[in-house]
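*Asks:* My questions are about this predicted structure, shown below with the sequence.
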Amino acid sequence: FNSSNVYSISTQINKLYDVSNIYVGQDIKFLFSSKDGGKIKIGDLPDNFTIHIDSKIIDGVYNPSTNNYDLKLLKQTINSRSKLVKGYARESLYNNAVSQGASPGIVMEYIKMLSDEVNFKRDVKTDSEFKILFDYNETSEGKKVSNGNILYAYLSINNKKYEIYQYKDSKGNISYYYGD
């Protein structure tokens, strides 16, 4: 890419996606390809590229008549889903929950929600049972694009049960409350 290509691409991206929403640690995928699907040599310009940012897909195609790239936002159907992960702390509650399909962010939110009631380093044992019900968004192809919120959190330690439920009011504000 030369400086003219980079300027044109960044200007077009800004029209399709508010780059000020990008945060440190965010996953952004760049896929480059040639017309024939072959490998691109270092120094060669790709014929096409795709950028995956949040739930948006930006497609770029090289236009030889302008010697630049034309970008467009691809339409994508996003579906909201819910998932329940459950199990026992065993060697690590965090690792077990992540291996069952919860994202690290969801597990950290779960721990934060319960940390007023539970000392995770001291209290959680290998037989401690956990459940995390959360929502997330995925493409129509089944690719997860973003986490939602925790809907229900459960932890049992030595027969003491901790439960947290999500409540959403008529304005869409979310709060949480402890079960009895």
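*Replies:* On my side now, so go ahead.
*Asks:* In stretch 104-124, which residues are buried?
*Replies:* Within stretch 104-124, the residues scored as buried using 16 or more other CB atoms under 10 Å are 106-107, 109-111, 113-114, 118, 124. Using the backbone N, CA and C atoms, a C-beta is placed for each residue, glycine as well.
*Asks:* try stretch 164-177
*Replies:* Quick answer for stretch 164-177 (16+ other CB under 10 Å): 164, 166.
*Asks:* Which residues outside that stretch are in contact with it?
*Replies:* 113-114, 149-154, 178-179 (CB atoms under 8 Å, 6 or more residues apart in numbering).
*Asks:* Now which of those would you call buried?
*Replies:* 113-114, 150-154.
*Asks:* Looking at the residues you listed, point me to the pair that's furthest apart.
*Replies:* 114 and 151 (14.6 Å; CB to CB).
*Asks:* By residue count, what's the longest helix in this protein?
*Replies:* Across the chain, the helix with the greatest residue count (assigned by DSSP state H) is helix 3-16.
*Asks:* all helices in this protein, in order from the N-terminus.
*Replies:* Under DSSP H, the chain gives helices at 3-16, 93-99, 104-114, 120-123.
*Asks:* Looking at this structure, which residue reaches furthest from the middle?
*Replies:* residue 65 (37.6 Å; CA atoms, centre = their mean).
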